[in-house]
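Asks: pasting a predicted model and its sequence here:
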Amino acid sequence: MTVTHNVDFRAGQNAKDYTVPGLEVSTGHKIAEQLQKQLHDLNELHLTLKHAHWNVEGPNFIGVHEMLDPQIELVRGYADEIAERIVALGVAAVGVPGAIVKNRNHEDYALGFASTIDHLSALDDVYTRVIESYRESIAMTGEVDPISEDILIGHTAELEKFQWFMRAHLER
């Protein structure tokens, strides 16, 4: 028997009547909803990176395989940092798989066993999507919440560096 739970985690149903000092409650909750996009992206990214780590093959296998693990760990830490900021802003952080799938507008990572070049090319596209989303959130938070903005800027700098690592492998 399969049981499904369709829990709606929007801020209105899963929010406290507080946020961080210096912000209006409605503003803090709006920022939390924006940060939820990054949480979904980060949770999906760390799973996708691990998937590629397991399934990469061919020349440069070991270099790519070993390059991905530190990225995975850092991305998992970023997810935790974003989730904690969401909760500090007074909104429940949503980390369930169904919410990731429900709230995305892109397809699953399509590669299984594939060459290092194919995986790195596909991961380059994933990183571009995640970084573009981060930059949108930086623009939104920067006007009202420099703390969230600072967290996002720090993550973006490292995500861009990871993307550069992959792109360096793609150069011929």
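Replies: Looks like it came in fine.
Asks: let's see stretch 135-147 as CSV, backbone CA atoms only.
Replies: What follows is stretch 135-147, C-alpha atoms only, in CSV (Å, rounded to 0.1, in the frame of the first residue of the first chain):
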residue,chain,number,x,y,z
ARG,A,135,22.3,35.5,-8.9
GLU,A,136,18.6,36.2,-9.1
SER,A,137,18.3,35.6,-5.3
ILE,A,138,21.3,37.9,-4.7
ALA,A,139,19.6,40.7,-6.6
MET,A,140,16.4,40.1,-4.6
THR,A,141,18.0,39.9,-1.1
GLY,A,142,20.6,42.6,-1.6
GLU,A,143,18.1,45.4,-1.3
VAL,A,144,16.7,44.3,2.1
ASP,A,145,18.8,41.5,3.7
PRO,A,146,22.6,41.8,3.5
ILE,A,147,23.0,38.7,5.7
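Asks: quick check: mean pLDDT of it?
Replies: Across stretch 135-147, the average pLDDT comes to 96.
Asks: what does it contact?
Replies: Contacts to stretch 135-147, defined as CB atoms under 8 Å, 6 or more residues apart in numbering, come from residues 20, 23, 27-28, 31, 34-35, 37-38, 85, 148-149, 152-153, 156. For glycine as for every other residue, the C-beta is placed from the backbone atoms N, C-alpha and C.
Asks: what's the closest of these to Ile117?
Replies: Nearest to Ile117, judged by CB to CB, of those is Thr156 at 25.5 Å.
Asks: tell me which element the closest one falls in.
Replies: According to DSSP states H and E, Thr156 maps onto helix 146-170.
Asks: what is the subsequent helix or strand relative to the strand or helix carrying Asp41?
Replies: Per DSSP H and E, Asp41 falls inside helix 25-55. Per DSSP H and E, the first helix or strand lying C-terminal to helix 25-55 is strand 56-57.
Asks: what's the average pLDDT for that next one?
Replies: 97.
Asks: OK, contacts around the residue nearest in space to the middle of the chain?
Replies: In the chain, the residue lying closest to the centroid (CA atoms, centre = their mean) is Leu42, at 1.9 Å. Leu42 is in contact with 75-76, 78-79, 82, 130, counting by CB under 8 Å, 6+ apart.
Asks: of those, which pair is most distant in space?
Replies: Largest separation among those by CB to CB: Arg76 and Val130, giving 13.9 Å.
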